[in-house]
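*Asks:* structure for the following, please:
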Amino acid sequence: MTYLASSCFKVTKIKDLLEFCQKSGFYQIELSGNLEFNQKTTNELTEAKNFSWLIHNYWPIPDKPFVLNLASTNKSIREKSLDHCQRALRLCQTLGAPFYSVHAGFLADLDPNDLGAKQTNRPRIDQATGLKNFTDSVSQLLRETRVD
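*Replies:* Below you'll find the predicted structure:
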């Protein structure tokens, strides 16, 4: 089954995405990119007929921006990243999404303004440490996120 990323569409509102996809016959959508999320979003998605959803990485976008990094050595960044992933996994369950995809992590702790630019000014995380942090984070997500 082929899914189209919501970031491919020039819309930010769920209502507009649903309308466009229904008119175009696209029913397998990966929720990603700059698509908004608010109180009504989950209901709008669960009520949409014939759709199949996936969730990717940084969606739903948190209220306070940060760079999701499951490989971080910074406790606060890693906790925010784990919390974000746990919420996304619970939303996957609600939407019947078969999986959640997340990026492997960065070997530096980045600010949202660093994305898309050279990150030569940030201290690097040792590759072995980053890999261990990432695998520990994924293991923690598997232990703590219960899918019924």
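
*Asks:* contacts, neighbours, all on C-alpha from now
*Replies:* OK.

*Asks:* helices along this structure, start to end?
*Replies:* 14-24, 41-47, 75-95, 127-144 (DSSP state H).

*Asks:* residues contacting the residue positioned nearest the centre of the chain?
*Replies:* Centrality entry for the chain: nearest residue to the mean C-alpha point is residue 57, 2.4 Å, by Cα atoms, centre = their mean. Residue 57 sits next to 32, 68, 85, 100, 101, 102, 103 when contact means Cα atoms under 8 Å, 6 or more residues apart in numbering.

*Asks:* what sits against the third one?
*Replies:* Right, the one you point to is residue 85. Shown in contact with residue 85 (Cα under 8 Å, 6+ apart): 57, 141.

*Asks:* pLDDT at it, what is it?
*Replies:* pLDDT recorded at residue 85 is 96.

*Asks:* cool, and the fifth one?
*Replies:* At residue 101, the model reports a pLDDT of 94.

*Asks:* go ahead and confirm residue 12 touches residue 34.
*Replies:* Yes - between residue 12 and residue 34 there is a contact under Cα atoms under 8 Å: 6.1 Å.

*Asks:* quick one on the thing from earlier: where does the residue nearest to the centre of the chain land on pLDDT?
*Replies:* pLDDT at residue 57 comes out at 95.

*Asks:* between the helices of the chain, which one is nearest to residue 114?
*Replies:* Proximity to residue 114 (Cα to Cα) singles out helix 75-95 among the helices of the chain, at 15.0 Å.

*Asks:* hey, what's the angle from the closest one to helix 127-144? Just curious.
*Replies:* 40 degrees (axes from the mean of the first three to the mean of the last three Cα atoms, to 10 degrees).

*Asks:* please report how far the nearest residue to residue 103 once chain neighbours are set aside lies from residue 70.
*Replies:* Distances taken as Cα to Cα, 6 or more residues apart in numbering place residue 57 nearest to residue 103, at 6.2 Å, with adjacent residues excluded. When Cα to Cα, to the nearest Å is applied, the distance between residue 57 and residue 70 equals 11 Å.
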